[in-house]
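1. A structural model of the following input is requested.
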Amino acid sequence: MRVSVGDCTVALTPHEYRLVSYLAHNPGRAVSQSELLDHLYAGDSAYTTNSVEVLVARVRRKIGAARIETRRGFGYVLGGPGT
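-> Numbers count the residues shown, from 1 in each chain. Purely as a prediction, here's the structure:
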């Protein structure tokens, strides 16, 4: 479960990889927290949208904050430099 950022390879946990993969498969479209919650945690009620926010923050630290854009009221878009 790795992604390349420039010349560097970044190791991701399975959930982090699924997040990046899902955003990458929806280019240019803002993916809502609830959609990500359903996709990542398959309806497990133990997880909330806060779980998605924490996961996005962890991925941003690993691949660079500018690569995942937050569109207030809509969701997250994978983009930014080098993507």
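
2. List the buried residues in stretch 62-82.
-> 63-64, 67-68, 75-78 (16 or more other CB atoms under 10 Å). Backbone N, C-alpha and C define where each C-beta goes, glycine included.

3. closest to Asp38 among those residues?
-> Gly75 (12.4 Å; CB to CB).

4. residue contacts, the residue lying closest to Val3 once chain neighbours are set aside?
-> Nearest in space to Val3, with sequence neighbours left out and distances taken as CB to CB, 6 or more residues apart in numbering, is Val10 at 5.4 Å. The contact partners of Val10, taken as CB atoms under 8 Å, 6 or more residues apart in numbering, are 2-4, 62-63.

5. thinking Leu19 is in contact with Ala57, fair?
-> No. Taking contacts as CB atoms under 8 Å, Leu19 lies outside contact range of Ala57: 11.0 Å.

6. Neighbour count for those two, which is higher?
-> Leu19 (24 against 11; other CB atoms under 10 Å).

7. Beyond the helix or strand where that one lies, next helix or strand please.
-> Using DSSP states H and E, Leu19 sits in helix 14-24. Moving toward the C-terminus from helix 14-24, the next helix or strand (DSSP H and E) is helix 33-41.

8. After that following helix, which helix or strand is next? Please name it.
-> helix 49-63.

9. Distance check, the nearest residue in space to Arg71 that is not next to it in sequence against Gly6.
-> Spatial nearest neighbour of Arg71, excluding adjacent residues (CB to CB, 6+ apart): Ala30 at 4.5 Å. Relative to Gly6, Ala30 is positioned 25 Å away (CB to CB, to the nearest Å).

10. between those two, who's got more neighbours?
-> Per other CB under 10 Å, whichever of Ala30 and Gly6 has more neighbours is Ala30, with 16 against 9.

11. Point me to the residue sitting closest to the centre of the protein.
-> Leu19 (3.9 Å; CA atoms, centre = their mean).

12. Spell out which strands sit alongside the helix or strand of the chain with the lowest mean pLDDT in the sheet and which way each one runs.
-> Sorting the helices and strands of the chain by mean pLDDT, DSSP states H and E puts strand 2-5 at the bottom, at a mean of 84. Here strand 2-5 has these sheet partners by DSSP bridges: strand 8-11 (antiparallel).
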